[in-house]
Every structure is written in C-alpha cells, then in structure tokens.
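# I'd like to go over a predicted model; first the sequence, then the structure.
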2 protein chains.
Amino acid sequence: MTNKGLLLVVSGPSGAGKGTVCSRLLSRHSDIFLSISATTRAPREGEVDGKNYFFLTEKEFKDKIDNDGFIEWACFCENYYGTPKDVVEKMLNDGKDVILEIEVQGAMQVKSEYPEAVFIFVIPPSLDVLKQRLTGRGTETEEVIEKRLETAKWELSNAVKYNYILINDDLDNAVNKLESIILSEKMRTARNCELIESFIKN
Amino acid sequence: MTNKGLLLVVSGPSGAGKGTVCSRLLSRHSDIFLSISATTRAPREGEVDGKNYFFLTEKEFKDKIDNDGFIEWACFCENYYGTPKDVVEKMLNDGKDVILEIEVQGAMQVKSEYPEAVFIFVIPPSLDVLKQRLTGRGTETEEVIEKRLETAKWELSNAVKYNYILINDDLDNAVNKLESIILSEKMRTARNCELIESFIKN
C-alpha cells in the first residue's frame, strides 16, 4: 500500500469555496490530480472532452454503470454524472494523489468501496459568511436563498461522515491546511506497514 | 471537545531522535507543552524538581498510584516513573496541547484511557541509520549493540498500534511533519462536532 496514491474526497456546501481551494492546491502540486467526471449532458461552449468532462452518450454511460465502471455516479436534471473508475485507479496505482470534488451522496458511494480514502468537508468560517455567499449578488429571491440554505444545512448534517472539517477562512491558509492533511495521511500507520516490516525483518 | 488541547504521545526506538524532534517542536510553539514525569529516583546534579522531573518519595508515588493519579507509570531499575494525571488534564482542559514522550508500554496504558490521544511513532530513515545510531561512538561491545537492536525491533513491532509513523530523516523536515499531524488532527471531525452543530442549529 506504501506507494499507492491518496484518494481525497472533497465535499462541502455551495459557497464553501471547495473548488477554489482544490484549484489552488493543484497549482502548487503537479503530482496531485483532479478527477475528471463523465457526463451525458451536452458540452457547453469551450468545454473540451477529456479536460472539463468525459462526454458520453446515455448508452455509453449506462454500459459503463453495468460494467462497474464508476466509483460513484448520479442522475441530476435528467443528465448522468459519474467518476470513471479506470482513470482514477490507474493514477492511484501509479502513486499519484487524486482529488474527487463531489457531492455528499457521491462521497458516500466512494466510502463504501474505498474506506481508506480521505474524506474532507469544506465549510466557510461562519454561518453568516455562508449566508452571505449563498445570497450571491443580491439578485436571487428570498425563496431561492432559503432553499440554498436548507440544502447547505442538509449537506452540513452529513459532515460527521467525513474525516476532516476544513474551514475555508483564507484561501492560502485553507490550502496549507489541506496540504497538512495530505502530508499527515501519508504518515498514517496503515500506509507504512511495509516500511515497519522492512525494519523488523532485516 | 472543540477547545480541548491535543494529547500527543510520542515513542520510538532509541536512536530515532524523538527527543530532539520534540524539543525543536516546543522551541517553535510556546503553546505546546512537554509533560514532566514523576520519579522516585534521586535527582542528578543540576536537575530541578518540577522542571526535569517531579521528584517523589516511594510512598508519595505509591499513594498517587492508589489514587489513580497517573496516566501511565512503570518501574525500571527499582525506580518508579510516571506521568501525573492532574497536570496534564489541566493543560488539556485549558486548550493546551501536551506531548508525552514515553516508552511503548506507557503509551499503551495511555491508549486505553485516552483513545482520542494521537499516537506518533518516530523512526530513523533506514535500518542502517538505526544500526549506526545504536552503535554509538564505537565504544560499546557487540553484545550491547545486539541487545539494543533487539529492543528496537521489539519497539518497532509495536509501531502498528500508533496512528502515525514519523520518519526522522532531517530534523526540520521531521518537525514540519509533526506540525502537520497536529494541524490536521485539529481538523478531525470528532474534534469539530460542536462547530458543525452550530451551523445546523442556527
């Protein structure tokens, strides 16, 4: 297990800034990779197959489901989204760390198959900040904002299923903390058994 | 639990350099404390009561054992050594992080009573380095060195009971890694339940 990469699962409510934290982390580390999702929705202008998403037909997607080809998948707004297993496993086996930036439901699917993955839940520094960020530019109705807050609270109620709570107070600080999680997870005993064995056996 | 300090238990074979790593960590952080052991052995020249050790009489020590006053204790070479519970618990309750630099047997006593403590096992970068360090200045007999190596191997065989394996390759690097462990442990979900609750309830 020693040389296998870490599988990092990052979730958090909308407005927590998980995407920005992950992007900044990737810009610092060329040996950490963001998993690219597959989807059946049509590419938007400028989106590139294999870069933004793997664009699949519904038949291709369903065949992949049948062949256990996804780490997790879901259907939102009549489109399928999923994390292709083959790409991620190849990277992990090559010793590369892989980040899945996914929703809570998807994360729980990952947990059942990859219990050794590291689950990180990103939250804003306070409820007030969350509310501010969910309010957006002030163009949304009260009803929309209330709905977003309810969704955020449901997501937060699932945070206890994650290993770490990462408070995104300041971007660089949050990325430093994420780096600490990665560094310390690599030191976890379960990931260093072979090393210990090598000391004892020789 | 949010505001309680971390209890860090650091062990490792002789020659791993755990003492140096802990000292350097303490020099960087005035809010992390090294627990002072109690002992019944006589003070050596220059040793100060309450600084190097708490020097107790055998009666005082045994009374403290009877009153559940130690986190862990042991008897080596006819002298008692132990970690006083009251001092450590006060610091933890005050939100201070406390390091216990103790032997494997002591660490396992701590684990049964403080399962939330963070157990860190320090090892040298390789078996060769360990052998070199155990050889010392070349003044010891083969037999003594062999005995030390056997002890080290027994200690290493217990490393799997710890949470983290910290390779002491370079002092500053090792201290950085120890800092990462502390930082990431503070982010562990079990230590942030109240925070999550505060988001959901409001």
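Yep, that arrived.

# Now for the residue positioned nearest the centre of chain A: which residues touch it?
Centre of chain A computed as the mean C-alpha position; nearest residue by C-alpha atoms, centre = their mean is A:Glu101, 2.3 Å away. If you count contacts by C-beta atoms under 8 Å, 6 or more residues apart in numbering or on different chains, A:Glu101 has them with A:10-11, A:18-19, A:22, A:34-35. Using the backbone N, CA and C atoms, a C-beta is placed for each residue, glycine as well.

# Double-check A:Leu183 against B:Ser180; I have them as touching.
Yes - assessed by C-beta atoms under 8 Å, A:Leu183 is found in contact with B:Ser180 at 4.2 Å.

# Those two - which one has more neighbours?
Applying other C-beta atoms under 10 Å in any protein chain shown to A:Leu183 and B:Ser180 shows that B:Ser180 carries more neighbours, namely 23 against 16.

# In terms of helix, strand or coil, where does the more buried one fall?
Secondary structure state of B:Ser180, per DSSP: H, G, I helix; E, B strand; the rest coil, is helix.

# Tell me how far it lies from B:Ile120.
11 Å (C-beta to C-beta, to the nearest Å).

# How about A:Lys186?
Going from A:Lys186 to B:Ile120 by C-beta to C-beta gives 14 Å.

# These two - which one has more neighbours?
B:Ile120 (29 against 18).

# and that one, that one's in a strand?
Yes - with three-state DSSP as the criterion, B:Ile120 is assigned to a strand.

# check which helix or strand covers the residue nearest to A:Lys85 when sequence neighbours are not counted.
Nearest in space to A:Lys85, with sequence neighbours left out and distances taken as C-beta to C-beta, 6 or more residues apart in numbering or on different chains, is A:Ile71 at 5.0 Å. A:Ile71 is part of strand A:70-76, with elements assigned from DSSP states H and E.

# mean confidence for that strand?
Taken as a whole, strand A:70-76 has a mean pLDDT of 92.

# what's the following helix or strand after that strand?
Next element after strand A:70-76 (DSSP H and E): strand A:79-84.

# Tell me which residues are up against that next one.
Here strand A:79-84 has contacts from A:35-41, A:54, A:56, A:58, A:61-62, A:64-65, A:69-75, A:100, A:102, A:106, A:110, using C-beta under 8 Å, 6+ apart.

# Quick one: buried ones out of these?
A:35-40, A:54, A:56, A:61, A:64, A:69-73, A:100, A:102, A:106, A:110 (16 or more other C-beta atoms under 10 Å in any protein chain shown).

# Strands - which of those residues land there?
Counted as lying in strands by DSSP state E, out of the buried ones among the contacts of strand A:79-84, are A:38-39, A:54, A:70-73, A:100.

# The helix or strand bottoming out on mean pLDDT in chain A near chain B anywhere?
Least confident helix or strand of chain A, by mean pLDDT, DSSP states H and E, is helix A:127-135 with a mean of 86. Yes - for helix A:127-135, a contact with chain B is found by C-beta under 8 Å from any C-beta of the partner chain, at A:127, A:130.

# Could you tell me which residues of chain A lie near chain B?
A:121, A:123, A:127, A:130, A:153, A:156-157, A:159-160, A:162-167, A:177, A:179-181, A:183-185, A:187-189, A:192-193, A:195-196, A:198-200, A:202.

# Which of those residues fall within strands?
A:121, A:123, A:164-167.

# with those in mind, which one is nearest to B:Arg148?
Ranked by distance to B:Arg148 (C-beta to C-beta), those are led by A:Tyr164 at 38.6 Å.

# the helices in chain A, which residues?
Using DSSP state H, the helices found in chain A span residues A:18-28, A:58-66, A:85-93, A:104-113, A:127-135, A:142-157, A:171-186, A:193-201.

# quick one: contacts for the nearest residue to A:Leu130 once chain neighbours are set aside?
Of all residues not flanking A:Leu130 in the chain, A:Pro124 sits nearest, at 4.6 Å (C-beta to C-beta, 6+ apart). By C-beta under 8 Å, 6+ apart, A:Pro124 lies in contact with A:13, A:15-17, A:130, A:133, A:167-168.

# Also A:Gly136?
With C-beta under 8 Å, 6+ apart, A:Gly136 has these contacts: A:Ile145.

# any idea how far A:Arg24 is from it?
Counting by C-beta to C-beta, the gap from A:Gly136 to A:Arg24 is 22 Å.

# which sections of chain A are below the confidence cut-off?
Scanning chain A for pLDDT under 70 picks out A:1-2, A:137.

# ok, 50 please
A:1 (pLDDT under 50).

# quick one on the thing from earlier: mark which of the contacts of A:Glu101 are buried, thanks.
A:10-11, A:18, A:22, A:34-35.

# Export those residues as TSV, with columns for distance to B:Leu6.
Listed next are the buried ones among the contacts of A:Glu101 as TSV, based on distance: C-beta to C-beta, whole Å:
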residue	distance to B:Leu6
A:Val10	24
A:Ser11	25
A:Lys18	26
A:Cys22	27
A:Leu34	31
A:Ser35	32
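
# what's the least confident helix or strand of chain A packed up against?
helix A:142-157, helix B:193-201 (3 or more C-beta pairs under 8 Å, 6 or more residues apart in numbering or on different chains; DSSP states H and E).

# who's in contact with that helix?
Residues outside helix A:127-135 that contact it (C-beta under 8 Å, 6+ apart): A:13-17, A:123-124, A:145, A:148-149, A:152, B:198-199, B:202.
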